[in-house]
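In: build the 3D model from these lines:
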Amino acid sequence: MNEFIAIFGSILLSFILGLALALFFGGGTTINYLRVKLGKQKKILIWVDTPLGRISKVGKIEGELHEGVVSWKYRKELKLTELKKDYVGDFLKVKYIAVNVETPERPYNLTVLGEKPALSIDQPTFNNILKRAATKPVLDDELAKKVKFILLLLLVNGGICLVVLFKILNIEKTITSLGVI
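Out: So this is what the prediction gives:
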């Protein structure tokens, strides 16, 4: 029985750690993806282009999937987007649309812009990108020197704090052993 509890506990712990890592690295997009996946075709994933970048939202489908309206919220304000057959994409059995926050009533097609999520990796292109990233010239040596200097100062400061802490603990132990206070 103890072996069963140990195995079950380790499996449960592995599941919780895996879920925590997925949520940590995926952020809100992972939660939104799961909400849409569990929504039984009543919800749709919305990629919203904002001035600060692209974020994901979950919209509620009102009507048919390819000829209806999606209601969703952005900054606590209700937005409505018209669904059209050409603009609804499918990625791993999850329907999605792309919307610009300035014109939320009209979606646009991500595949026309060449931004369809990749299902496989083109290995020669990926290797080329890795080589270019590895041989990228350093543009700002001054900034790198400043960051290294600050990290060195933090390391020295941490060492000094540890030495002072151990000295204080040593003095406290000596005083309590003498019984003076």
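
In: and for the residue nearest to Thr50 when sequence neighbours are not counted, the neighbour number?
Out: Leaving aside its sequence neighbours, Thr50 sits nearest to Val101 (C-beta to C-beta, 6 or more residues apart in numbering; 4.9 Å). (Glycine included, C-beta is placed from N, CA and C.) Here the count is done by other C-beta atoms under 10 Å, and Val101 has 16 residues near it.

In: can you pull the buried residues of the helix or strand that contains Ile61?
Out: For Ile61, the host element (DSSP states H and E) is strand 53-63. Counting neighbours by 16 or more other C-beta atoms under 10 Å, one finds that the buried residues in strand 53-63 are Ile55, Ser56, Lys57, Val58, Gly59, Ile61.

In: give me phi/psi at the residue nearest to Thr50?
Out: Per-residue torsions, Val101: phi -70, psi -20 (degrees, to the nearest 10).

In: repeat that for the one 3 residues further on.
Out: Note on Pro104: backbone dihedrals following degrees, to the nearest 10 are phi -70, psi -10.

In: verify the stated contact: it with Glu82.
Out: No - contact between Pro104 and Glu82 fails when scored by C-beta atoms under 8 Å: they sit 9.8 Å apart.

In: and the longest helix along the chain, how far out from the chain middle?
Out: Taking DSSP state H as the assignment, the helix of the chain that covers the most residues is helix 141-178. Using C-alpha atoms, centre = their mean, to the nearest Å, the mean C-alpha position of helix 141-178 is found 34 Å from that of the whole chain.

In: just stretch 9-28 next, same as before
Out: On the basis of C-alpha atoms, centre = their mean, stretch 9-28 sits 13 Å off its chain's mean C-alpha point.

In: in that stretch, what counts as buried?
Out: By neighbour count with 16+ other C-beta under 10 Å, stretch 9-28 contains no buried residues.

In: what's that stretch in contact with?
Out: Residues outside stretch 9-28 that contact it (C-beta atoms under 8 Å, 6 or more residues apart in numbering): Thr30, Ile31, Tyr33, Ile55, Ser56.

In: 10 Å instead?
Out: Residues from elsewhere that reach stretch 9-28 (C-beta atoms under 10 Å, 6 or more residues apart in numbering): Thr29, Thr30, Ile31, Asn32, Tyr33, Leu34, Ile55, Ser56, Lys57, Val58.

In: what's the separation between the nearest residue to the first one once chain neighbours are set aside and Leu23?
Out: So that's Thr29. Closest residue to Thr29 apart from its sequence neighbours, by C-beta to C-beta, 6+ apart: Ser56 at 4.5 Å. Here the criterion is C-beta to C-beta, to the nearest Å. By it, Ser56 lies 14 Å from Leu23.

In: same thing with Val94?
Out: 17 Å.

In: mean pLDDT per helix and strand in this protein: which one sits at the bottom?
Out: Every helix and strand of the chain was ranked by mean pLDDT, DSSP states H and E. The lowest is helix 123-134, at a mean of 78.
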